[in-house]
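Novice: 3D model of this:
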Amino acid sequence: MLINRRTLLAGATVLSLTDAALPLAARAQIAAAPERANVTIGYGTFLLGLMPLPLADNLGYFKDAGLNVTVQNFNAGGSAPVQALLGGSTDAVFAYYDHTIEVQAQGKDVVSVVLVTRNPGWVLGVRTDLKDVIRTPADLKGRKVGVSALGASSDFLVHYFAGRSGLQPRDVTTIAVGGGATAIAAIEHKTIDALVAFDPAYTLLAQKGLVYGLVDTRSQAGSLQAFGGNYPSTVLFVTRRFMEANPVTVQRMVDAFVRTLRWMGKASATEIADHLPDKYYLTDKPTFERVVDASRDMFTPEGKFDLTDLQRVATVMKEASPIVAAGNVDIRQTYTERFVDAAVAS
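Specialist: Residues are numbered from 1 along each chain as shown. Next up is the predicted model:
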């Protein structure tokens, strides 16, 4: 194993450590103050897979970890907070793992530190009035498909499934419609023909009879059918520079997320809903609770990564993103397990 030395301060003691030893060291220096108590975490737009972020905040787990977290909602796809991260205006990003691959392909070093969802949780929904003419992704030729933002994960996936059906990128037009209420309005007003929708928005559209599902990845079975296995999605990632300069701070963020995932695994849907502002529901609370129960399969129990699953995302990205196809990304450089391992061991 290559030696990658880190220096951590624990009181007045300076420890020189290998990556393999870092989890134990992180536990040993738990009493050390975070290098940065005030941190910002950005995300694109609220999706069900992002629940652990407001939950960790509202449950007080960030505070318990000694952090004062400011959550930044960019009201756009994951590409917007990524640009903020690279520009230095946010410290960490809560978004899809595929962004780390694309950014690495551009020669910028970002690292995922905890995996929150093991499946994407989106549905490629088609307007019900087009059900007889759009039956497969190949039928999207010449159609307008709504995505959260251009360059977002939903944008990649539309082109991936279109490409797998023999279509060219120019054959499908993707249109940024945001998420939640704005995405719902785009279907209602028929400004798009199909939509990559996330819960709770998709369930609300389906209940109204406005869409039907063409591809559904809200469960492990759905991801198996779509991708051949789990498809790691929501992660927390930072720049490697930030991680190396602030290892205690990163550890505390990961601790809070792992603690939240463990809490979610035991909490009822009602308890989860009670700890979220009702603005996230998009619908009534009982319906939101049913959505939460139906989506439990998305979330990892403790935030751990699986290299085989990560490589599956890389395979998809090589087909969906010209940037990734032209790059040379070492998947092992896109994530680290040491903070999760330390959090799980505590």
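Novice: Under the pLDDT cut-off, which ranges of this protein? List them.
Specialist: Applying pLDDT under 70 to the chain flags the ranges 1-31, 77-78.
Novice: Spatially central residue in it, please.
Specialist: With distances taken as C-alpha atoms, centre = their mean, residue 234 lies nearest the centre of the chain, 2.0 Å away.
Novice: which ones are touching that residue?
Specialist: In this structure, residue 234 makes contact with 47, 49-50, 52, 94-97, 115-117, judged by C-beta atoms under 8 Å, 6 or more residues apart in numbering. Glycine gets a C-beta too; all of them are placed from N, C-alpha and C.
Novice: quick one: which of these is most hemmed in?
Specialist: Highest neighbour count within the contacts of residue 234, by other C-beta atoms under 10 Å: residue 96, with 33 neighbours.
Novice: for that residue, phi and psi?
Specialist: Backbone torsions of residue 96, given as degrees, to the nearest 10, read phi -80, psi 150.
Novice: burial measure for the nearest residue to it once chain neighbours are set aside, as a count.
Specialist: For residue 96, ignoring the flanking residues on the chain, the nearest one in space by C-beta to C-beta, 6 or more residues apart in numbering is residue 153 at 3.9 Å. The tally of other residues near residue 153 (other C-beta under 10 Å) stands at 29.
Novice: Would you map the strands across the stretch 201-346 of the chain?
Specialist: Counting by DSSP state E, counting those that start in this stretch, the segments of the stretch 201-346 of the chain that form strands are 211-216, 234-239.
Novice: Tell me which of these lies nearest to residue 174.
Specialist: strand 211-216 (15.0 Å; C-beta to C-beta).
Novice: From the contact counts, what lies against that closest one?
Specialist: Packing partners of strand 211-216 (3 or more C-beta pairs under 8 Å, 6 or more residues apart in numbering; DSSP states H and E): strand 122-127, strand 194-198, helix 201-207, helix 220-227.
Novice: mind putting the ones you listed in a markdown table, distance to residue 110 and mean neighbour count included?
Specialist: Formatted as a markdown table, the helices and strands packed on strand 211-216 follow (distance: least, C-beta to C-beta, whole Å; neighbours: other C-beta atoms under 10 Å):
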| stretch | distance to residue 110 | mean neighbour count |
| --- | --- | --- |
| strand 122-127 | 22 | 25 |
| strand 194-198 | 23 | 28 |
| helix 201-207 | 28 | 21 |
| helix 220-227 | 23 | 17 |
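Novice: Specify the stretch among the ones you listed that is closest to residue 42.
Specialist: strand 194-198 (17.7 Å).
Novice: And that closest one, what does it pack against?
Specialist: strand 122-127, strand 144-147, helix 153-164, helix 181-188, strand 211-216.
Novice: hey, which of the ones you listed is tucked in deepest?
Specialist: Counting by mean count of other C-beta atoms under 10 Å, strand 122-127 has the highest mean neighbour count of the helices and strands packed on strand 194-198, with a mean of 25.
Novice: Take the helices and strands packed on strand 194-198 and write them to a markdown table, including distance to residue 225.
Specialist: What follows is these, written out as a markdown table (distance: least, C-beta to C-beta, whole Å):
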| stretch | distance to residue 225 |
| --- | --- |
| strand 122-127 | 12 |
| strand 144-147 | 20 |
| helix 153-164 | 12 |
| helix 181-188 | 23 |
| strand 211-216 | 8 |
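Novice: Identify whichever of the ones you listed lies nearest to residue 337.
Specialist: Comparison of those against residue 337 by C-beta to C-beta identifies helix 153-164 as nearest, at 22.2 Å.
Novice: which one of the helices and strands packed on strand 194-198 lies closest to residue 248?
Specialist: helix 153-164 (30.1 Å).
Novice: Give the pairing partners of whatever helix or strand comes next after that closest one; include direction for each.
Specialist: Using DSSP states H and E, the helix or strand that follows helix 153-164 in sequence is strand 173-176. When pairing is defined by DSSP bridges, strand 173-176 lines up against strand 144-147 (parallel).
Novice: one step back: save the strands of the stretch 201-346 of the chain as JSON lines, and put in distance to residue 331 too.
Specialist: Formatted as JSON lines, the strands of the stretch 201-346 of the chain follow (distance: least, C-beta to C-beta, whole Å):
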{"stretch": "strand 211-216", "distance to residue 331": "24"}
{"stretch": "strand 234-239", "distance to residue 331": "13"}
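Novice: For residue 83, find the nearest of those strands.
Specialist: Nearest to residue 83, of those and by C-beta to C-beta, is strand 234-239 at 12.5 Å.
Novice: Hey, what's the angle from the closest one to helix 153-164? Just curious.
Specialist: For strand 234-239 against helix 153-164, the angle between stretch directions is 110 degrees (axes from the mean of the first three to the mean of the last three C-alpha atoms, to 10 degrees).
Novice: Next up, the contacts around residue 81.
Specialist: With C-beta under 8 Å, 6+ apart, residue 81 has these contacts: 42-44, 72, 74, 90, 93-95.
Novice: rerun at 7 Å
Specialist: 42-44, 72, 74, 90, 93, 95 (C-beta atoms under 7 Å, 6 or more residues apart in numbering).
Novice: Could you do residue 239 as well?
Specialist: Residue 239 touches 85, 109-110, counting by C-beta under 7 Å, 6+ apart.
Novice: Go through those and flag which are in strands.
Specialist: Among the contacts of residue 239, the members found in strands (DSSP state E) are residue 110.
Novice: Just the closest of the contacts of residue 239 to residue 178, please.
Specialist: Once C-beta to C-beta is applied, the member of the contacts of residue 239 that ends up nearest residue 178 is residue 85, at 20.1 Å.
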